[in-house]
Structures are given as structure tokens and as C-alpha cells.
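Participant: Pasting the sequence and the predicted coordinates here, then a few questions.
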Amino acid sequence: MEINKAPCDREQFNHFGKSSTECISPADCRPGNGHFLAEVLEGLRKPQKELPPKYFYDDRGAQLFEDICTMDEYYIPLTEASIIDDHIVEMVELLGEDVLLVEYGCGDCAKTRILLNHLRQPAGFVPIDISFEQLQRVSVALTGEYPGLEVLPVCADYTCDFELPAPCRPPARKVVFFPGSTLGNFDPLPAQLFLKEAGRVCGPGGALLLGIDLAKDPGVLHKAYNDSNGITAEFNLNLLKRINLELDANFKLEQFQHYAFYNLAANRMEMHLVSLREQRVYVGGLVFDFAQGESIWTESSYKYTLAGFEKLATSAGFGVDRVWTDERQWFSVHYLVKDGCKRGAASRRG
Ligand SMILES: C[S@@+](CC[C@H](N)C(=O)[O-])C[C@H]1O[C@@H](n2cnc3c(N)ncnc32)[C@H](O)[C@@H]1O
């Protein structure tokens, strides 16, 4: 996966709606269907067929991801939330007053609320997500829950260029919040580019607060991505359903199967959709042949060591100012500042 810095194919523009809970509407910088089709065709033409994971999240996909987050096997949301809960005082102290919080891939903002409950006079909150309906719902909800908070939602592909809205009250600084280990969906080089771009968005004095999943027993990982209720499988297959609906394709869902495994050499979980038989599929008027057992690679989730993530952050021009982990060392939350701007004398491990 590569970060595409070309301007997105914007089909619609919208104003930054914020006047009331009824009419709040995300600025619409979504990639259009032409962009979606081009990326799908590009992925399916590769020798190892692949599809970008960002397209999981149509409204149904976003709902399925919320369901995944309620399952014990998928340890990430609860573990990350408990780390934030346990260290909220220190985090809020670091973020300071009048901060503009910018969240990439905000989803349902479950963990954001822990921060918002404690932040001191935030200048505003910019939730960014590619999933329009969910973003709209969550923005309306947040505006109701935090009446004094300026919420400026942007529906965009965060790997493309888009305009960051400015809050009415000038912020003291910008902090990018990127929880859920979504950075783990990027291969190492795009991850480095993404961090650099996030650093540019923060500007001088800004910082990043990032959730990063840690390497652990592959058995735990296997269960997390192969839940007993089959919700992750449904989430994975929903991508083909979405392509059928939006791109004039004819994937037969019953002829593909969810397959997720830990690739030890590459330190990542991989999700695939495996063709159960030899078959031919049409997408956007083009033909794609599948052998029996051939897969479409739909997602990577890199698992880091603390040292490995620090190396990545450093290569992107950041210093790790704080790291907090849970007792089992399954997950980590990192506070990154531009190199040379560390607040504390030394990094501390929580
Ligand atoms: C793994 S979920 C995490 C959601 C939430 N941050 C959490 O921690 O529970 C990834 C989120 O990022 C969004 N997303 C994925 N790729 C994106 C992209 N390229 N641009 C914008 N949003 C994206 C998805 O719609 C989804 O809400």
C-alpha cells in the first residue's frame, strides 16, 4: 500500500456544518467512485490480488467493525481504553489547554470520549473518517454530548490531500490522535510517510497520540481475527458485497472464504479472501480469473515491539516522549513529539 498524495477525486464538496446538532454535516472530501474503481482494478491486477482495507468501511462495514469491538477475542479496544483510562491525567496534562484534537479514522469515537471527558477547554475536535454515515452519526452525538465543543468533521481518505478545518477559537497546539492500531494497516514505508505527514499537519509544537498493537502469542492474535461468531469473516466478505453494489461486479460471496493468519517473518496478521473454486468474476466490465485456493489480500495488521515502533517513529522525525502499556504488554499508547521537542527528560514506560 502506498500513500497517495495526489489530490483526491472529490465528487462533492460541502461546508463545514456546525450550527446545530440537527444539521451538522461532515465536510465531504470522500474519494469518488472513479477512485474506488481504479484502486480495486489496480489491486486485482496484481499477481497477489489485493484490495485496500480502507474500503471495508461502508455503513455496513463500519457497523460490523463496531460489533467486532464488542467481542472479548478482539482485545484491542478494551485494552487500549483501559490504558487511556489509567493514564488520563498524565495524557491530558501533556495535551494541555486549548488543544485542537484531530483524530484520523475516528470510527465511533469510543476512546475519544475518554479524552474529551477530561480535556481542558479544547479549541475543537476534528474527527476524520472515510465512512460518511458513521461519521455523521458520531458528530451529531458528540455535539449533543459536549455542548461547548466545536466539532468539525471531515469525511476524507486520510492518505489523500484534504483541507483541515480551522476552529473559531485559535488553538494553542494541534495533537493528532490515531488509536486502534490503525497505523498497523500500513506497510512500513507508507507508515513512515504517514507519520511524517501527520507531523506536518500538527505543525510546530504539535504532537501525536497513537495506539499501537504489540507482538504477542500468535494464538491470541489468531483468535482475535477469527472470532467464534464469524463477525470478522462477515466484515471481510462485506468488502466483496460492497464492490458488487457500488462497482457493477458479480463476486459470489459463498465462493470466497475468510482466512486470517499470523505471518511471523513479517510481524503481521494478514486477512485474505480465498477463492473456494476456479471462477471468473467481472468488475467494472473487466474479467478476473481465480484459481481454486487463490486469495485476495485484504488487510495487514503489523504488530510491533516497543523498540521496533520507536525506530519507526524516529525514522519519521519523532521522539517518543511517553509510552504507556497494559500489564500484559499487549498494547501500547505512544505520545510522539518532533525530535528535539521532548518535554520530559527521558521517556517513561508506563
Ligand atoms: C480499525 S478502525 C478504528 C476505529 C477507531 N479509531 C477505533 O480505534 O476503534 C479504522 C477506522 O479508520 C477509518 N479509515 C480506514 N482507512 C481510512 C482512510 N484511508 N481514510 C480515512 N479513514 C479511514 C475506518 O473507516 C475506521 O473507522
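Facilitator: Yes, it's here. The structure presented is a predicted model; accordingly, all values stated were derived computationally and were not measured.
Participant: What separation do you get for Glu66 and Phe235?
Facilitator: Here the criterion is Cβ to Cβ, to the nearest Å. By it, Glu66 lies 10 Å from Phe235. Placement of C-beta: from N, CA and C, glycine included.
Participant: Is the closest residue to the ligand within the stretch 151-300 of the chain part of a helix or strand, or is it coil?
Facilitator: Of all residues in the stretch 151-300 of the chain, Gly180 sits closest to the ligand, with a separation of 2.4 Å (Cβ to the nearest ligand atom). Secondary structure, DSSP: H, G, I helix; E, B strand; the rest coil: Gly180 is coil.
Participant: who does the closest residue in space to it that isn't next to it in sequence bridge with?
Facilitator: Closest residue to Gly180 apart from its sequence neighbours, by Cβ to Cβ, 6 or more residues apart in numbering: Gly211 at 5.7 Å. Listed by DSSP bridges, the beta-bridge partners for Gly211 are Val333.
Participant: Correct me if wrong: Gly211 contacts Ala81.
Facilitator: No. In this structure Gly211 lies outside contact range of Ala81 using Cβ atoms under 8 Å: 9.7 Å.
Participant: Overlap of the contact sets of these two?
Facilitator: Contact with both Gly211 and Ala81 is made by residues Lys111, according to Cβ atoms under 8 Å, 6 or more residues apart in numbering.
Participant: where's Asp67, which helix or strand?
Facilitator: helix 59-68 (DSSP states H and E).
Participant: Any idea how many residues pack against the residue of the stretch 151-300 of the chain closest to the ligand?
Facilitator: 22 (other Cβ atoms under 10 Å).
Participant: How much space separates it from Ser131?
Facilitator: 13 Å.
Participant: which neighbours do those two share?
Facilitator: With Cβ under 8 Å, 6+ apart as the test, Gly180 and Ser131 both reach Gly107.
Participant: Any stretches of this structure with poor pLDDT?
Facilitator: Within the chain, the segments meeting pLDDT under 70 span 1-23, 340-350.
Participant: residue ranges for the strands of it, please.
Facilitator: 27-29, 99-104, 124-129, 154-156, 173-178, 207-213, 256-263, 268-275, 279-283, 286-290, 295-302, 318-325, 331-338, 348-349 (DSSP state E).
Participant: Turn those strands into TSV, including distance to Tyr75 and mean neighbour count.
Facilitator: Below are the strands of the chain laid out as TSV (distance: least, Cβ to Cβ, whole Å; neighbours: other Cβ atoms under 10 Å):
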stretch	distance to Tyr75	mean neighbour count
strand 27-29	33	22
strand 99-104	21	24
strand 124-129	23	26
strand 154-156	29	24
strand 173-178	19	23
strand 207-213	9	25
strand 256-263	14	18
strand 268-275	13	21
strand 279-283	35	15
strand 286-290	33	14
strand 295-302	13	22
strand 318-325	13	20
strand 331-338	8	24
strand 348-349	20	12
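Participant: Kindly reformat those strands as TSV containing distance to Met91.
Facilitator: Listed next are the strands of the chain as TSV, based on distance: least, Cβ to Cβ, whole Å:
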stretch	distance to Met91
strand 27-29	27
strand 99-104	11
strand 124-129	15
strand 154-156	23
strand 173-178	10
strand 207-213	7
strand 256-263	30
strand 268-275	27
strand 279-283	44
strand 286-290	47
strand 295-302	24
strand 318-325	8
strand 331-338	7
strand 348-349	13
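Participant: Any idea which of those strands gets closest to Leu51?
Facilitator: strand 295-302 (5.2 Å; Cβ to Cβ).
Participant: can you give me how far that closest one is from the chain middle?
Facilitator: 14 Å (Cα atoms, centre = their mean, to the nearest Å).
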